[in-house]
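Trainee: Structure, please.
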Amino acid sequence: AAVAGGTVYVLGLQPADQVARVVRYAADHDIEQFAALIPQNAYGSLAAQAFSAAVKNAGGKIAKIERYASANNVAGSLQKIMAALPEGGALLIADGGVELRTIAAQFQSGGVDTHKIQLLGTGLWDEAELGRTAPALVGSWYAAPNPSLRRSFTNSYRNTYGGEPPRIASIAYDATAFAAQVARAAGLSAASFNEGSTFAGIDGTLRLTRQHATERTLAVMKVQQDGTHL
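Mentor: The predicted structure is shown next:
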């Protein structure tokens, strides 16, 4: 988002929106105490800032925030979190992919009991097979675009190219389609992209902001053994 401005618009998914959405959802389900396990990188810094703001806005309390340099050695951080987070609280893990599965494999040594706390995630968790590849995450919540909206796009891509689309493919498609819509209506120029302009895309409705980024409609997904579900 830092590159937005002038003639540049950022149409990708913003971690701050995802963190705010899943924290608010947890607060709406009577969770008051929150903790976070966050990587020491640029994504993590954005997630940490968004987490603090989201918990404050939701009227919750932060029990603990732990940062880590490597996902291979977070058991100690998890132990500190579990010592500070009361039963019934929520733990946000702001990582995905191999790193997330590596962290989940350390739950037992880190003292994480997912029957006593609620796990939260960001759009980095948006993998259809997550419940199978990381069964320790079953029951977790994360915020991401509603996957049912891009189902037809995925099928079309698969039929055309013979494989699964990269996760970024639908975002690129939406960006191109949005630009085409604006060009047809008002000509493709910086002045044509107005604050508040909306577009119903494959990844949900997006709205341009004054900061030249986008606000998106996000769903909260639940990780289950047979996949992820609304």
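Trainee: now the helices for the chain?
Mentor: Shown for the chain, the helices assigned by DSSP state H span residues 15-28, 42-57, 75-84, 97-104, 107-110, 130-133, 151-161, 169-186.
Trainee: Looking at those, which one is packed in the most?
Mentor: Mean neighbour counts were compared across the helices of the chain using mean count of other Cβ atoms under 10 Å; the top stretch is helix 15-28, at a mean of 22. Bear in mind the C-beta positions are built from the backbone N, C-alpha and C, glycine included.
Trainee: low-confidence ranges in the protein?
Mentor: For the chain, the stretches flagged by pLDDT under 70 are 188, 190-191, 230.
Trainee: and M82, what is it in contact with?
Mentor: Each residue near M82 by Cβ atoms under 8 Å, 6 or more residues apart in numbering is listed here: 110-113, 117.
Trainee: Kindly indicate the member of those with the most neighbours.
Mentor: Neighbours here mean other Cβ atoms under 10 Å. Within those, the largest count is held by V112, at 23 neighbours.
Trainee: residues contacting the closest residue to it other than its chain neighbours?
Mentor: In this structure, V112 finds its nearest non-sequential neighbour in L78, 5.5 Å apart by Cβ to Cβ, 6 or more residues apart in numbering. With contact taken as Cβ under 8 Å, 6+ apart, L78 is in contact with 37, 66, 103, 106-107, 109-112.
Trainee: Next one: L78 from I93, what distance?
Mentor: With distances taken as Cβ to Cβ, to the nearest Å, L78 is found 10 Å from I93.
Trainee: what comes into contact with stretch 125-132?
Mentor: 96-97, 100, 133, 137-138, 140, 142, 144-145, 147, 167, 221, 223-228.
Trainee: give me that answer again for 7 Å
Mentor: Residues from elsewhere that reach stretch 125-132 (Cβ atoms under 7 Å, 6 or more residues apart in numbering): 96, 100, 137-138, 142, 144, 167, 223-228.
Trainee: Stretch 83-103 now?
Mentor: Residues external to stretch 83-103 that are found in contact with it (Cβ under 7 Å, 6+ apart): 19, 26, 31, 33-39, 44, 47, 51, 63-64, 71-72, 74, 81, 116-122, 124-125, 133-134.
Trainee: And stretch 153-173, by the same measure?
Mentor: Contacts to stretch 153-173, defined as Cβ under 7 Å, 6+ apart, come from residues 11-13, 126, 150, 202-203.
Trainee: Sweet, I'm off.
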